[in-house]
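Student: Please find the sequence and the predicted model below.
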Amino acid sequence: MWAFYRKFFVWEQRKLGDYGSVKMNKRIFKNQTSPNGDIPFYKIGTFGKKADSFISKKLYEKYKVKYPYPKIGDLLISASGSIGRIIEYKGKKAYFQDSNIVWLSHNSKLLNIYLKQYYQRINWNNIEGTTIKRLYNKDILTTHISVPNIKEQKRIGNLLNLVDNLLVLQKRKYEELKLIKKFLLQNMFADNAFYPNLRFKGFVYKWKQYKLNDLGYTFSGLSGKSKKDFGHGKAQYVTYMNVFSNPIANLEMTEHIEIDNKQNSVKYNDIFFTTSSETPEEVGMSSIWLGKETNTYLNSFCFGFRLTKRIDSYYIAFMLRSPSFRRKMMVLAQGISRFNISKNKVMNIKILLPKISEQKRVGITIKKVDNTVKLQVKFINKIKKFRKFLLQNMFI
């Protein structure tokens, strides 16, 4: 379809300066601002965020009439800091820091709905072949742009705008799903009260308390290895990032190593804990292994925990990532620049367990939500990939 347009309608090769000029608001001095006020004043540090400075309504009205001010739909560009960030002005009363936040005031031959998408293709940091720290007016005005007729500008802009809106909605859905998962983790596991805040109908009994040490035993990860031992071989080991990132280990996040019968092989339902991290909030992250492959080991920066009592896999996986358990783990963190935990102290942590039937209900419920979150991430990535394809192929 787009090839059809290109065949019969010639795209113009121009510079942005051929369509207009760079504009900016009048300079605002520090003594004209206050931490509270009528009109938000956006500096480069608060551009696209919440304003921390304000100007009076009287000054705003005066400057808006007397000096350049963006029209609804104009595209504001950050000219310093994170160069090239684009925000569409939608008419809300505000004022913007001169020279650091600018816009192209252009004629009717160039549509903002098209220009907004074309801006996404421009590498503002490298427009002259070298990395720049500031975007000057001449850099914007001499930037090349390919422009079709108005009808095609509208169609390209509208399509990409539709994809952008879809992406925003799906990201919002992702955040809502994360909140649901967080709520379940906070409320479906009993803490000191021996009863959870949120429970399925029919379960009324008190949960039982155990030390982790009562439920299994620990084993160590790889030992006696050097750099040359990794990256080849018919065995595999579970990486640190796999344990750190996933309550249920990703069976594909392993790396090669030679078979070594002296090492501890991991088994189905084994639990792994990271032993150190840069912050106490991230120490002792857990992951459960649900793979059945042989000759699989654990990295040397984690230790394993093998269950001897029957516990539902999904239940224990998410319980160990629940806020109540994570608080107990963080208390054990010791260190200054890097934090570590004691394996023995971890084994003394007390947890509460319901009967296996309730464990299964809790575990599968959170697992379904977790799966939905992961599917949403994949969907968002597909939209991003599609958007990238359009940006690469719909312009000359």
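Tutor: Perfect, thanks for sending it. Given the structure is predicted, the values throughout are model-derived calculations rather than measurements.
Student: Give me the three-state assignment for Gly284.
Tutor: Following DSSP: H, G, I helix; E, B strand; the rest coil, the label given to Gly284 is coil.
Student: Which residues are in contact with it?
Tutor: 273-275, 277, 329-330, 332-333, 341, 346 (Cβ atoms under 8 Å, 6 or more residues apart in numbering). The C-beta positions use only the backbone N, C-alpha and C, and glycine is treated the same way.
Student: Give me the contact list for the lengthiest strand in the chain.
Tutor: Determined from DSSP state E, the single longest strand within the chain is strand 230-238. Here strand 230-238 makes contact (Cβ under 8 Å, 6+ apart) with 221-222, 249, 253-260, 266, 272, 287, 289, 293, 295-299, 302.
Student: Likewise for stretch 204-220?
Tutor: With Cβ under 8 Å, 6+ apart as the criterion, stretch 204-220 contacts 190, 194-196, 264, 271, 298, 303-309, 311, 343, 346-355.
Student: Give the buried residues for stretch 357-366.
Tutor: Judged by neighbour count (16 or more other Cβ atoms under 10 Å), stretch 357-366 contains these buried residues: 358-359, 361-363, 365-366.
Student: Equivalent analysis for stretch 263-280, please.
Tutor: Residues 263-266, 269-277, 280 are the ones in stretch 263-280 that count as buried (16+ other Cβ under 10 Å).
Student: what separates the closest residue to Phe386 other than its chain neighbours from Ile380, distance-wise?
Tutor: What sits nearest to Phe386 in space, not counting adjacent residues and going by Cβ to Cβ, 6 or more residues apart in numbering, is Val163, at 6.7 Å. Distance, Val163 to Ile380, using Cβ to Cβ, to the nearest Å: 12 Å.
Student: about what we covered before: just the buried ones among the contacts of strand 230-238, please.
Tutor: Of these, these count as buried by 16+ other Cβ under 10 Å: 221-222, 249, 253-254, 257, 260, 266, 272, 287, 289, 295-299, 302.
Student: now, which of these lie within strands?
Tutor: 254, 257, 272, 287, 289, 296-298, 302.
Student: any chance of those in JSON lines, plus pLDDT and distance to Gly231?
Tutor: Below are these laid out as JSON lines (pLDDT from 0 to 100; distance: Cβ to Cβ, whole Å):
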{"residue": "Thr254", "pLDDT": "96", "distance to Gly231": "12"}
{"residue": "Ile257", "pLDDT": "96", "distance to Gly231": "8"}
{"residue": "Phe272", "pLDDT": "98", "distance to Gly231": "21"}
{"residue": "Ser287", "pLDDT": "98", "distance to Gly231": "22"}
{"residue": "Trp289", "pLDDT": "98", "distance to Gly231": "21"}
{"residue": "Thr296", "pLDDT": "97", "distance to Gly231": "16"}
{"residue": "Tyr297", "pLDDT": "97", "distance to Gly231": "14"}
{"residue": "Leu298", "pLDDT": "97", "distance to Gly231": "17"}
{"residue": "Cys302", "pLDDT": "96", "distance to Gly231": "19"}
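Student: Which members of the residues you listed are the farthest-apart pair?
Tutor: Ile257 and Ser287 (18.5 Å; Cβ to Cβ).
Student: Mind telling me the two of the buried residues of stretch 357-366 farthest from one another?
Tutor: Glu358 and Ile366 (12.7 Å).
Student: Need the pLDDT of Glu12.
Tutor: On pLDDT, Glu12 comes in at 93.
Student: hey, where'd the helices end up in the stretch 201-350 of the chain?
Tutor: In the stretch 201-350 of the chain, the segments counted as helices under DSSP state H, counting those that start in this stretch are 240-245, 313-319, 323-331, 343-347.
Student: With Arg85 as the reference, name the closest of these.
Tutor: By Cβ to Cβ (comparing all of the helices of the stretch 201-350 of the chain), the closest turns out to be helix 240-245, at 28.9 Å.
Student: Reformat the ones in strands among the buried ones among the contacts of strand 230-238 as CSV; add distance to Ala235.
Tutor: Shown next, in CSV, are these (distance: Cβ to Cβ, whole Å):
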residue, distance to Ala235
Thr254, 9
Ile257, 5
Phe272, 17
Ser287, 19
Trp289, 15
Thr296, 7
Tyr297, 7
Leu298, 12
Cys302, 17
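Student: For Asp98, give its distance to Tyr69.
Tutor: When Asp98 is compared with Tyr69 (using Cβ to Cβ), they lie 12 Å apart.
Student: overlap in contacts of these two?
Tutor: Common contacts of Asp98 and Tyr69 (Cβ under 8 Å, 6+ apart): Asn25.
Student: more crowded one of those two?
Tutor: Each of Asp98 and Tyr69 has its neighbours counted (other Cβ atoms under 10 Å); Tyr69 has more, 19 against 15.
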